[in-house]
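[1] show me how the following folds:
(2 chains)
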Amino acid sequence: MSSYREFALEREKIDFLLEQGYVMTAVTENLSGAFIEFTYEGNDPKKEKKERLQILHPDSRKYFSTILFQQQKQTK
Amino acid sequence: MADLRLNLAGIESPNPFWLASAPPTNSGYQVQRAFEAGWGGAVWKTLGDPILNVSSRFAGVSFNGQNMAGFNNIELITDRPLEVNLKEIYETKKRFPNHAIIASLMVEPTQEKWHEIVKRVEEVGVDGLELNFGCPHGMAERGMGAASGQVPELVEKQTMWAKEAAETPVIVKLTPNITDITFTAEAAVRGGADAVSMINTINSLAGVDIDSWDTIPNVAGKGAHGGYCGPAVKPIALNMVAECARHRNINVPISGMGGVSSWREAVEFMLMGATGVQVCTAAMHHGFSIVEDMKDGLNNYLDDKGIGSVMDLVGKSVERYSDWGNLDLNHQIVAKINNDVCINCNKCHIACEDTSHQCIDMLKDENGNDILRVREEDCVGCNLCSIVCPVDGAIDMVDYDNGKPPMTWNERQAAIGATASCDVKLVK
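    Numbers count the residues shown, from 1 in each chain, chains lettered A, B, ... in the order given. All right, here's what the predicted structure looks like:
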């Protein structure tokens, strides 16, 4: 049994949305894990304005929050 | 040859090893034997109104053939009149003027009682006083010991009363039978304590005889809770010392005790903030002569480290102890199994598979030999496999570079909080 695969799948989803021009605009954490709200900031009218991901794996929750943390440090 | 001399709040001793207030320091005969053996100091068994004891009094807790891994007692404070103890303290101090003699004291929580005993004890030339606010059994039923030591206001007030009369340094000995020992340590400091000591024994019942159904120990078939000490309590004691040492309002020296059995534990306690250690169970188990190895071991350790004085050890690890929220979530270690050392007992595989994260595979090498291999991407670095491994060097826990920057839980939560308050908008 490999838990890494679950992490890798969730990481891919996060990376995909970020590469498509979405930005993380809200994070909610509760008993079911983390819910990240992505908002599209690009120019493609075909894209959904909002996307939402539920993140279950602990490594994925570290992953997206590390991106948030790094970016905040850079913008300060 | 390192300098082993200790100075705790002005109390000087030739080395940092003191006998704790307990059965080994019951009489002048014993304390003088201890000083002859090489102990640097002794905290005399607690003085107060002489009590009556029961028989039996002690119980050892063995684990996997290790005798006295833990030790439980229901013995009370001194059963000898104050005058007898004072005469022997005087004689002992006269014979060993350079050794530290500290009188442990316990009286009812009134100002008059504290003033009286402090004055009488100081007259015979003790180097310091230790207020016993920790004894968990018997005396606590009478409102003394742990009963008063669990109430910060009483700790503060009684410390103040003792200090009003005292001319020698006052150490306040704290009970571990409380949710957060820093509350009572702070109270002692507010009361004017020159030092605190910890830990006294932990509430305990050593066992139940499953044939007779009697408690262990028992007195004519009836038991009562006792105080637990010995090697098993060291981690609890060490944490309490460390929590006090890093607390900003507890700025007095700490005398550490609880499971010190060799020079190694003494070093640990001192690194975590203790100015010297007190020992009881190890002396009861092996006799006073264990102090020779303790002194030699400590001296060699200091020489190896190039440290000139034992006092230079005090508190050196305190800044490395923090709250969980300040630990780096992104730091990663993984297990590495050295198959040339491994004996294929499979304990690591079983432990990981049954009780951890299922990341150790049982495989065959190219020659068909059984080997164990860690899937590093699934390993959470919990250490369990290396802990259960019976062979030194078969499993190493090694740093794993995941390329992520350090990020603590507190930093993570702040970052997520910033998105909620729309402080930032983030892209990869």
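[2] buried residues of the helix or strand where B:Ala418 lies, list them for me.
    For B:Ala418, the host element (DSSP states H and E) is helix B:409-420. Neighbour counts over helix B:409-420 (16 or more other Cβ atoms under 10 Å in any protein chain shown) mark B:Glu411, B:Arg412, B:Ala415, B:Ile416, B:Ala418, B:Thr419 as buried. C-beta coordinates here come from the backbone N, C-alpha and C atoms, glycine included.
[3] got a list of what the first one touches?
    Counting by Cβ atoms under 8 Å, 6 or more residues apart in numbering or on different chains, B:Glu411 makes contact with A:Phe69.
[4] what of the last one?
    Residues in contact with B:Thr419 (Cβ under 8 Å, 6+ apart) are A:Met24, A:Thr25, A:Ala26, A:Val27, A:Leu68, B:Leu426.
[5] so the third one sits right up against A:Lys50, yeah?
    If I follow you right, that is A:Ala26. No: A:Ala26 is beyond contact range of A:Lys50, at 9.7 Å (criterion: Cβ atoms under 8 Å).
[6] between the two, which contacts overlap?
    A:Glu37.
[7] the more surrounded of those two?
    A:Ala26 (15 against 12; other Cβ atoms under 10 Å in any protein chain shown).
[8] gap between the more buried one and A:Tyr40?
    14 Å (Cβ to Cβ, to the nearest Å).
[9] show me the residue at the heart of chain A, geometrically.
    Nearest to the centroid of the C-alpha atoms of chain A, with distances taken as Cα atoms, centre = their mean, sits A:Ile14, at 4.0 Å.
[10] who in chain A is up against chain B?
    Counting by Cβ under 8 Å from any Cβ of the partner chain, chain A comes close to chain B at A:1-4, A:15, A:18-19, A:21, A:23-27, A:29, A:39, A:41, A:62, A:65-72, A:75.
[11] filter those residues down to just the ones in strands.
    A:Val23, A:Met24, A:Thr25, A:Ala26, A:Val27, A:Glu29, A:Thr39 (DSSP state E).
[12] domains of chain B?
    Segmentation of chain B into domains, based on automatic domain parsing, reads B:6-320, B:324-399.
[13] tell me which of those approaches A:Ile55 most closely.
    domain B:324-399 (14.7 Å; Cβ to Cβ).
[14] can you give me the helices for the stretch 251-400 of chain B?
    Ranges of helices within the stretch 251-400 of chain B are B:263-271, B:281-286, B:290-305, B:347-355, B:384-388, based on DSSP state H, counting those that start in this stretch.
[15] does the residue of the stretch 51-200 of chain B found nearest chain A belong to a helix, a strand or coil?
    Minimum separation of the stretch 51-200 of chain B from chain A (Cβ to the nearest Cβ) falls at B:Thr179, amounting to 27.2 Å. Three-state assignment for B:Thr179 (DSSP: H, G, I helix; E, B strand; the rest coil): coil.
[16] list the contacts of residue 40.
    Unless you meant another one, I'm taking chain A. Here A:Tyr40 is in contact with A:Gln20, A:Gly21, A:Tyr22, A:Lys47, A:Glu48, A:Lys49, A:Lys50, A:Glu51 (Cβ under 8 Å, 6+ apart).
[17] to clarify, I was referring to chain B.
    B:Leu4, B:Leu6, B:Ser13, B:Pro14, B:Asn15, B:Pro16, B:Phe17, B:Trp18, B:His99, B:Ala100, B:Gly276.
[18] and it, how far from B:Gly273?
    In terms of Cβ to Cβ, B:Gly40 sits 19 Å off from B:Gly273.
[19] and if you look at B:Asn218?
    39 Å.
[20] which of those two has more neighbours?
    The neighbour comparison of B:Asn218 against B:Gly273 (other Cβ under 10 Å) goes to B:Gly273, with 24 against 18.
[21] nearest residue to that one in space, please, no chain neighbours.
    Closest residue to B:Gly273 apart from its sequence neighbours, by Cβ to Cβ, 6 or more residues apart in numbering or on different chains: B:Ala245 at 2.5 Å.
[22] the helix or strand bottoming out on mean pLDDT in chain A vs helix B:409-420, what angle?
    Lowest by mean pLDDT, DSSP states H and E among the helices and strands of chain A is helix A:58-75, with a mean of 93. Interaxial angle, helix A:58-75 versus helix B:409-420 (axes from the mean of the first three to the mean of the last three Cα atoms, to 10 degrees): 70 degrees.
[23] re the thing from before, make a ChimeraX selection of the buried ones in the ones in strands among the residues of chain A next to chain B.
    One line in ChimeraX is enough to select the buried members of those, burial here meaning 16+ other Cβ under 10 Å:
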select /A:23,24,25,27
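[24] let me know the closest of the ones in strands among the residues of chain A next to chain B to B:Gly60.
    Of those, the one sitting nearest to B:Gly60 (Cβ to Cβ) turns out to be A:Glu29, at 48.2 Å.
[25] quick check: bridge partners of that closest one?
    Beta bridges link A:Glu29 to A:Ala34, judged by DSSP bridges.
[26] again, but for B:Ser104
    Applying DSSP bridges to B:Ser104, the residues it is bridged with are B:Glu130.
[27] quick check: pLDDT value at it.
    B:Ser104 carries a pLDDT value of 98.
[28] then B:Val424?
    pLDDT, B:Val424: 50.
[29] again with B:Ala420
    Predicted confidence (pLDDT) for B:Ala420: 67.
[30] same thing with B:Trp213?
    At B:Trp213, pLDDT is 97.
[31] in a helix, that's where it is, yeah?
    No: the assignment for B:Trp213, made by three-state DSSP, is coil rather than a helix.
[32] distance to A:Gly33 added to the domains of chain B, as CSV?
    Shown next, in CSV, are those (distance: least, Cβ to Cβ, whole Å):
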stretch, distance to A:Gly33
domain B:6-320, 32
domain B:324-399, 16
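[33] in the sheet, which residues pair with B:Val398? Tell me.
    With DSSP bridges as the rule, B:Val398 is bridged to B:Val334.
[34] list the contacts of the most centrally placed residue in chain B.
    The centre of chain B sits closest to B:Ala237, judged by Cα atoms, centre = their mean, with a distance of 2.9 Å. B:Ala237 makes contact with B:Pro176, B:Met198, B:Ile199, B:Gly256, B:Met257, B:Gly258, B:Gly259, B:Phe269, according to Cβ under 8 Å, 6+ apart.
[35] at 7 Å what do you get?
    B:Met198, B:Ile199, B:Gly256, B:Met257, B:Gly258, B:Gly259 (Cβ atoms under 7 Å, 6 or more residues apart in numbering or on different chains).
[36] what two of those residues are the furthest from one another?
    Longest span within the contacts of B:Ala237, Cβ to Cβ: B:Met198 and B:Gly259, 11.9 Å.
[37] not counting sequence-adjacent ones, nearest residue to B:Ala140?
    Using Cβ to Cβ, 6+ apart, the nearest residue to B:Ala140 is B:Ala147, at 4.1 Å.
[38] how many neighbouring residues does that neighbour have?
    Quick note: B:Ala147 (other Cβ under 10 Å) scores 19 neighbours.
[39] just the element for it, please.
    Here B:Ala147 is assigned to helix B:146-149, by DSSP H and E.
[40] buried stuff in the helix or strand that that helix is followed by?
    Using DSSP H and E, the helix or strand that directly follows helix B:146-149 along the chain is helix B:152-165. Residues B:Pro152, B:Leu154, B:Val155, B:Glu156, B:Lys157, B:Gln158, B:Thr159, B:Met160, B:Trp161, B:Ala162, B:Lys163, B:Ala165 are the ones in helix B:152-165 that count as buried (16+ other Cβ under 10 Å).
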